[in-house]
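> Below is the sequence, then the predicted model.
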Amino acid sequence: MDRKYGESCAKVVKMIHAKDIRAVISSIIILEVANALRKYGIPDIYRRIKGILSLPLRVVDVTINDTLRAIELSEIYRISPYDALHVVVMNREGLRNIVSADRDFDRIDLVTRVDPKSLQT
């Protein structure tokens, strides 16, 4: 578990499970989580991802137009194309708040970053 944000992120998952917060993720996030688990050497990644997908959340697909727009935004805001893709999908879905420890989102006026540590159960 991540030393700095592990407990806070576990709390976010519990809040999603309890339906205290509404969660929407893109299909790309599933790969990002799987890659993070791989980097930490956590076993049974497929089973863990299936567990995450059993939570009451909505998974939205990424389109080629989303991808192209993300590349544009990444150049405008000087952020990773992956972060920009999250912003594009959020914008398309009419979402504003993103729960993330990544401060790069603070530079983007299209979203409001919510630090996982700031959420209360």
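Nice, thanks for sending it over. Residues are numbered from 1 along each chain as shown.
> which stretches of the chain have low pLDDT?
1-3, 120-121 (pLDDT under 70).
> What segments of it are helices?
Listed from the start of the chain, the chain has helices (DSSP state H) covering 6-17, 27-39, 45-53, 64-77, 81-93.
> Buried deepest among these, which one?
Each of these was scored by mean neighbour count; the highest is helix 81-93, a mean of 20, by mean count of other Cβ atoms under 10 Å. Backbone N, C-alpha and C define where each C-beta goes, glycine included.
> How about residues contacting that helix?
24, 26, 28-29, 32, 60, 62, 66-67, 69-74, 77, 96, 98, 102, 104-105, 108, 110-111 (Cβ atoms under 8 Å, 6 or more residues apart in numbering).
> In the record's domain split, what are the boundaries for this protein?
Annotated domains of the chain cover 1-60, 62-114 [automatic domain parsing].
> Any idea how far the first one is from the middle of the chain?
The reference is to domain 1-60. Remark: domain 1-60 is offset 9 Å from the chain centroid, using Cα atoms, centre = their mean, to the nearest Å.
> going forward can the numbers begin at 12, since that is how I track them
OK, 12 is where the count begins now, so the last one is domain 12-71.
> who touches the residue lying closest to residue 117 once chain neighbours are set aside in this structure?
For residue 117, the nearest residue in space outside its immediate sequence neighbours is residue 124; the separation is 5.4 Å by Cβ to Cβ, 6 or more residues apart in numbering. Counting by Cβ under 8 Å, 6+ apart, residue 124 touches 108-111, 113-114, 116-117.
> returning to that earlier point: I'd like to know which of the helices of the chain is closest to residue 130.
helix 17-28 (6.2 Å; Cβ to Cβ).
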